[in-house]
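K.L.:
Build me a model from this:
(chains A and B)
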Amino acid sequence: MAISKKLCNIIEALGIHEDNDSIRVLNEIGTNCANDEVRELTSKALIKKNVKKSLEIVIKEKGKGINDLSAKVAMSAINELLSLKDKSFATNVLEETIAQEELDKDIKDTAKSVKALMSFSI
Amino acid sequence: MEKISPLRAGLNAINNTFKTNKAEKTNNTRQNSSNPFGISFKGTLLQMDVFESSAKKSADKAVKDNSLAQIDKFEKTSKVEKVATNTIKDNAAENSSNDLSAVKAVKSNPFADKFNSFMSSAKEVGNNIKQNTLAFCGKVKDSFSKLATSEVSMDLFGNSVSKLSKRPVNDLEGMFKTEVAKV
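P.N.:
A predicted model of the protein is given here:
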């Protein structure tokens, strides 16, 4: 089912909001939504914020952002990461993810692949 | 001999005149009925029956051909009567030219041409109306299908991204939850 224009605007508004509490709202409601389109838009909004806290959600957490079970959502998040002008924060978070031993192997492998893609795109 | 009174003679004369007039009137009616549309050629009302059957036409043609052949034969055998044969031949040619004129009048009749052109233009207009109507019906159908899938929103300016981004996060959180619940 297609989402409404109002919902799109709310997610986009939370993405450009100055208050960092918007990251919490997007994480709690948007990334846990059953609708693929809502998760896709939320991941994009979190990546557009381009801060460490929001990037950690889409890179390190299982089932969210680049680790989403939906290939469309995951590819959309990776594409958004590759289209960032300033990739320094994203690169740092990806390196931290690869280095962290307590994280799942799948998450690390995904982070490695995305980091390789980002190195090509710079 | 029978003696006829002046009164009886007058009555007989009146009766004969009435019969003659009636016969002329019937003849005129027949002539008019042979050309019911009053078709004229070069300003003259056609008097001959132009609606005769094709069988009759072919029979007449055969008779004319036969007469022309006989005239030619006669012309070869007798040079003395050349003047008379020429007269007969001219008459035959005149008759055939009259027939051709009648056919030509029917074929190239301005009334028939106008009627045919009117009919063809009417047919064309009808086809155009039909095509336009079908196209219009298709557009109406598409519009209704679009209308069925479209969403009517009255609060157009209050829900813009720039307005929403200036509102507190708590308000946006409530709205976000409400909208997600609708999905």
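
K.L.:
so what's residue B:14 up against?
P.N.:
Not one residue lies near residue B:14 by CB atoms under 8 Å, 6 or more residues apart in numbering or on different chains. From N, CA and C alone the C-beta is placed, and that goes for glycine too.

K.L.:
quick one: it and residue B:22, what's the gap?
P.N.:
When distance is defined by CB to CB, to the nearest Å, residue B:14 is 13 Å away from residue B:22.

K.L.:
can you check residue B:175 too?
P.N.:
105 Å.

K.L.:
Quick one: the helices in the chain, in order.
P.N.:
I went with chain A, as the question did not name one. A:5-15, A:21-25, A:36-49, A:52-60, A:71-82, A:88-99, A:105-121 (DSSP state H).

K.L.:
The intended chain is chain B.
P.N.:
Counting by DSSP H, the helices of chain B are B:6-34, B:54-77, B:82-107, B:110-149, B:161-165, B:169-182.

K.L.:
Number of residues surrounding the residue in chain A positioned nearest to chain B?
P.N.:
Going by CB to the nearest CB, chain B is nearest to residue A:13 of chain A, at 3.5 Å. Residue A:13 has 24 neighbours, counted by other CB atoms under 10 Å in any protein chain shown.

K.L.:
Quick check: pLDDT value at it.
P.N.:
Per-residue confidence for residue A:13 comes out at a pLDDT of 93.

K.L.:
cool, and residue A:118?
P.N.:
Model confidence at residue A:118 (pLDDT) stands at 89.

K.L.:
Is there a neighbour count for the residue lying closest to it once chain neighbours are set aside? I'd like the number.
P.N.:
Excluding the flanking residues, the one nearest residue A:118 by CB to CB, 6 or more residues apart in numbering or on different chains is residue A:87, at 5.8 Å. Counted with other CB under 10 Å, residues neighbouring residue A:87 total 17.

K.L.:
what's the spacing between residue A:87 and residue B:148?
P.N.:
45 Å.

K.L.:
Now stretch B:72-84: average pLDDT?
P.N.:
pLDDT averaged over stretch B:72-84 gives 61.

K.L.:
hmm, back to that, residue B:175 and residue B:22: who's more crowded?
P.N.:
Between residue B:175 and residue B:22, counted using other CB under 10 Å, the more crowded position is residue B:175 (19 against 10).

K.L.:
The more buried one touches residue A:9, doesn't it?
P.N.:
No: assessed by CB atoms under 8 Å, residue B:175 is found out of contact with residue A:9, at 9.6 Å.

K.L.:
I'd like to check which residues are in contact with the residue of chain B found nearest chain A.
P.N.:
Residue nearest to chain A within chain B: residue B:164 (3.5 Å; CB to the nearest CB). Neighbouring residues of residue B:164 by CB under 8 Å, 6+ apart: A:9-10, A:12-13, B:172, B:175.

K.L.:
quick one: low-confidence ranges for chain B?
P.N.:
Applying pLDDT under 70 to chain B flags the ranges B:1-4, B:26-57, B:74-109, B:149-158.

K.L.:
what residues does it put near chain A?
P.N.:
Residues of chain B lying near chain A by CB under 8 Å from any CB of the partner chain: B:151, B:153, B:159-161, B:164-165, B:167-169, B:172-173, B:175-177, B:179-180, B:182-183.

K.L.:
Generate a ChimeraX selection restricted to the buried entries among the residues you listed.
P.N.:
To isolate the buried ones among the residues of chain B next to chain A in ChimeraX, judged by 16 or more other CB atoms under 10 Å in any protein chain shown, type:
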select /B:159,161,164,165,169,172,173,175,176,179,180
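
K.L.:
So, low pLDDT: which residues of chain A?
P.N.:
A:1, A:122.

K.L.:
tell me which parts of it are close to chain B?
P.N.:
Counting by CB under 8 Å from any CB, chain A sits next to chain B at A:1, A:3-7, A:9-14, A:16-17, A:19, A:21-22, A:25, A:29-30, A:33-35, A:38.

K.L.:
Whichever of the residues you listed end up buried, select them in ChimeraX.
P.N.:
Here is the ChimeraX command that selects only those of the residues of chain A next to chain B that count as buried (16+ other CB under 10 Å):
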select /A:3,6,7,9,10,11,12,13,14,17,22,25,29,30,33,35,38
